[in-house]
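A.B. asks: sharing a model prediction with you, sequence too.
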Amino acid sequence: MPSIPREVIEHSLHVKEDAKPIKQRLRRFAQDRKDAIKEELTKLLAAGFIKEVLHPDWLANPVLVRKKTGQWRMCVDYTDLNKSCPKDPFGLPRIDQVVDSTADCELLSFLDCYSGYHQIRLKESDCLKTSFITPFGAYCYITMPFGLKNAGATYQCMIQRCFSTQMSRNVEAYVDDVVVKTKQKDDLITYLEETFASIRAFRMKLNPEKCIFRVPSRKLLGFMVSHRGIQANPGKINAILNMKPPSSQKDVQKLTGCMAALNWFVSRLGERGMPFFKLLKKTDNFQWGPEAQKAFEDFKQLLTTPPVLASPHPRAAVVICVGDFPGFHGDSQLVVNQVMKEWSCLDYNMTAYRQEVRKLEDKFDGLELTHVLRHNNEAANRLANFGSKREAAPSDVFVEHLYEPTVPRKETIEATDTQDGLDMVGPFKKAVGGYTHLFVAVDKFSKWIEAKPVITIMADKARDFFINIVHRFGVPNRIITVNDTQFTGGVFKDFCEDFGIKICYASVAHPMSNGQVERANVMVLQGIKARVFDRLHPYAGKWVEQLPSVLWSLCTTPSRATGQSTFFLVYGAEAMLPNEVEFESLRFRNFNEERYGDN
């Protein structure tokens, strides 16, 4: 298929020099999708849009998407390639300006290019970078494909070059949506001849089946444009009119999304939708109340007669509603005279205020400040005094709330819901005694870590490990663990039911839901590795001997999250370290056996 000459436009990827090529592995496809891929490859090869390649550096996977007709559309996932390409600064037109420019025209003609993107050639040195893998081999594009980061900007640039003498006069375009507009019927043929001449000069090809000529109205970029003006898309209106009252937050999100698509045609949309936005707050108790139902019905009633946005008539009267204030008053003669340029601004601190006034001054036709004495400007004076002064509390209130005159009061927040995280780590090199795995548990509140080496990882071993924790620290409200058989088996479940412990299982696809125990695993492994790494081969099996010292260091080291050691949070005092005993620290010397002997 003929394409646009390279000297006119050519798409270049501009891949960063330090970008590392990425090869994706071939994904699995169902048989119907394989057939669709093979059919699409046959069409692309026949049209000369792709070619077969061997040993490319970049490889992407095709993605199949359903069309409205039910057929498959094949695209390529260029996510990795796009991350290595800089953004093209060529901007796209504003949709609202394109739609506004096509409104109020008697006749419209809509053009559709045949495989528009594929009419632009890809730079020869960049072709291999667009390679993709299929069940039938690897191929790369010769022309510009869909899915590239800057493909839309390149196509818009080509359109604007093609219709450079017609844009905003009788042609409007947003990427591949091209409209020839005619305000007078007699000019239609002239404008179309001019348009076709530009298309032939650039060797562009149109799709006659999708081109529509000489229509008074049609859908454009989600809106209905006609000689009357701009109307809301009937499909979007019917979506709300046929919608049932929402029964969940997801339904409310769908409703607010449909409302946002009609914000041009509904005045005070934020105020009308406030009852719906209140329901989007995170809560476990969703209630669709009378207020929301009334707002829902009122909004539906409003959409039964949607307005038409039309251009103002040049001879008709126009009413503009703006906020108005009778005047500006200031209680500082210095500020007033500086703004009115009667006095110069010498104070550096006042310069910033004057500059802000200068920025706002351009938005008014005229600005006049009048100095009003403070006693005559009571409203502003009261507001200024209220916001700046600090009054002391009445003495009776002060006395009632004072805890102790010389002792600062500290409030202690008590933990009401105890949660433990539980996991299994291994296998390790077999240690003395046959130990190969670790059971690890962490208290979510205090961050206290427990770990026990085991020979087997059966459910009864997990139960025995946690029973030991319960006997020393009490019964938690819940346990968060993984979906391993030792935690899902009947032995462990029966134990939790007997003690009234709720089990929550973390998703395999979302391990962050049990993030504290995952972090505890890392810290325990790092501590063990630091102690046996230098003697890894002869002494790697002695990791069990190093485990107590690792747990001791973790429990006596202050946590970044709490600022305290886990030992202090559990026992209410810091642990007595060995060096304190050896060197007889102050705490060691002040120890009173009679006072603390029973503790």
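C.D. replies: Yep, it's here.

A.B. asks: hey, where'd the strands end up in the stretch 151-300 of the chain?
C.D. replies: Using DSSP state E, counting those that start in this stretch, the strands assigned to the stretch 151-300 of the chain run over residues 171-174, 177-182, 212-215, 217-220, 223-226, 230-231.

A.B. asks: want to throw these into TSV with mean neighbour count, distance to G433 and mean pLDDT?
C.D. replies: (Glycine included, C-beta is placed from N, CA and C.) Compiled in TSV, the strands of the stretch 151-300 of the chain are given as follows (neighbours: other CB atoms under 10 Å; distance: least, CB to CB, whole Å; pLDDT from 0 to 100):
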stretch	mean neighbour count	distance to G433	mean pLDDT
strand 171-174	23	73	87
strand 177-182	21	74	88
strand 212-215	12	82	88
strand 217-220	16	76	82
strand 223-226	22	76	81
strand 230-231	22	80	81
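
A.B. asks: so which of those comes closest to A19?
C.D. replies: Of all the strands of the stretch 151-300 of the chain, strand 171-174 sits nearest to A19, with 30.6 Å by CB to CB.

A.B. asks: work out the gap between the closest one and the centre of the chain.
C.D. replies: Centroid separation for strand 171-174 versus its chain: 31 Å, with CA atoms, centre = their mean, to the nearest Å.

A.B. asks: contacts for it, please.
C.D. replies: 92-93, 95, 98, 101-102, 156, 159-160, 163, 167, 178-181, 191, 195, 221 (CB atoms under 8 Å, 6 or more residues apart in numbering).

A.B. asks: go with 6 Å
C.D. replies: With CB atoms under 6 Å, 6 or more residues apart in numbering as the test, strand 171-174 has contacts from P93, V98, S101, T102, I159, F163, V179, V180.

A.B. asks: quick check: the third one vs V179, distance?
C.D. replies: I take that to be S101. Separation of S101 from V179 (CB to CB, to the nearest Å): 9 Å.

A.B. asks: swap in the fifth one?
C.D. replies: Taken as CB to CB, the spacing of I159 relative to V179 amounts to 11 Å.

A.B. asks: equivalent analysis for the fourth one, please.
C.D. replies: For T102, the distance to V179 equals 5 Å [CB to CB].

A.B. asks: ok, the first one next?
C.D. replies: As judged by CB to CB, P93 and V179 stand 12 Å apart.

A.B. asks: can you find the helix or strand of the chain with the lowest average pLDDT?
C.D. replies: strand 328-330 (a mean of 45; mean pLDDT, DSSP states H and E).

A.B. asks: contacts only, for L438.
C.D. replies: V425, G426, A451, P453.

A.B. asks: from those, keep the buried residues only.
C.D. replies: V425, A451, P453 (16 or more other CB atoms under 10 Å).

A.B. asks: spatially nearest residue to the residue most central in space within the chain (excluding sequence neighbours)?
C.D. replies: By CA atoms, centre = their mean, the chain has its centre lying nearest to Q253, at 15.5 Å. In space, and not counting its chain neighbours, Q253 is closest to L280: 6.7 Å by CB to CB, 6 or more residues apart in numbering.

A.B. asks: is the closest residue to L54 other than its chain neighbours in a helix, a strand, or coil?
C.D. replies: Distances taken as CB to CB, 6+ apart place A138 nearest to L54, at 7.1 Å, with adjacent residues excluded. Counting by DSSP: H, G, I helix; E, B strand; the rest coil, the backbone at A138 sits in strand.

A.B. asks: over to the one 10 residues further on?
C.D. replies: Taken by three-state DSSP, the conformation at L148 corresponds to coil.

A.B. asks: mind checking which of the contacts of L438 are in strands?
C.D. replies: V425, A451, P453 (DSSP state E).

A.B. asks: re the thing from before, to L206, which of the strands of the stretch 151-300 of the chain lies closest?
C.D. replies: Closest among these, once you apply CB to CB, is strand 177-182, at 9.3 Å.

A.B. asks: which other residues reach the closest one?
C.D. replies: 102, 105, 107-111, 170-172, 188, 191, 195.

A.B. asks: stretch 218-225 now?
C.D. replies: I95, V99, T102, A103, I230, Q231, N233.

A.B. asks: and these, which of them are in helices?
C.D. replies: Using DSSP state H, the subset of the contacts of stretch 218-225 located in helices is I95, V99, T102.

A.B. asks: and these as CSV, adding pLDDT, distance to G152 and neighbour count?
C.D. replies: Shown next, in CSV, are those (pLDDT from 0 to 100; distance: CB to CB, whole Å; neighbours: other CB atoms under 10 Å):
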residue, pLDDT, distance to G152, neighbour count
I95, 82, 13, 14
V99, 82, 18, 21
T102, 81, 20, 22
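
A.B. asks: for the residues you listed, which one is nearest V544?
C.D. replies: I95 (66.8 Å).

A.B. asks: how many residues are close by T418?
C.D. replies: Neighbourhood size, T418 [other CB atoms under 10 Å]: 16.

A.B. asks: give me every residue that touches it.
C.D. replies: P476, N477 are the contacts of T418 under CB under 6 Å, 6+ apart.

A.B. asks: one more: C85?
C.D. replies: C85 sits in contact with L13, V15, K149, where contact means CB under 6 Å, 6+ apart.

A.B. asks: which of those ranks first by neighbour count?
C.D. replies: L13 leads the contacts of C85 on contacts (other CB under 10 Å) with 24 neighbours.

A.B. asks: what is the burial count for the closest residue in space to it that isn't next to it in sequence?
C.D. replies: Once flanking residues are discounted, L13 sits nearest to D126: 4.4 Å by CB to CB, 6+ apart. Using other CB under 10 Å, D126 has 21 other residues around it.

A.B. asks: next one: D126 from W543, what distance?
C.D. replies: 52 Å.

A.B. asks: same question, L45
C.D. replies: 59 Å.

A.B. asks: of those two, which one has the most company?
C.D. replies: W543 (20 against 13).

A.B. asks: average model confidence for the helix or strand hosting that one?
C.D. replies: According to DSSP states H and E, W543 maps onto helix 543-556. The average pLDDT within helix 543-556 is 79.

A.B. asks: and the next element down the chain from it?
C.D. replies: helix 566-571.

A.B. asks: in that next one, what's buried?
C.D. replies: T566, F567, F568, L569, V570.
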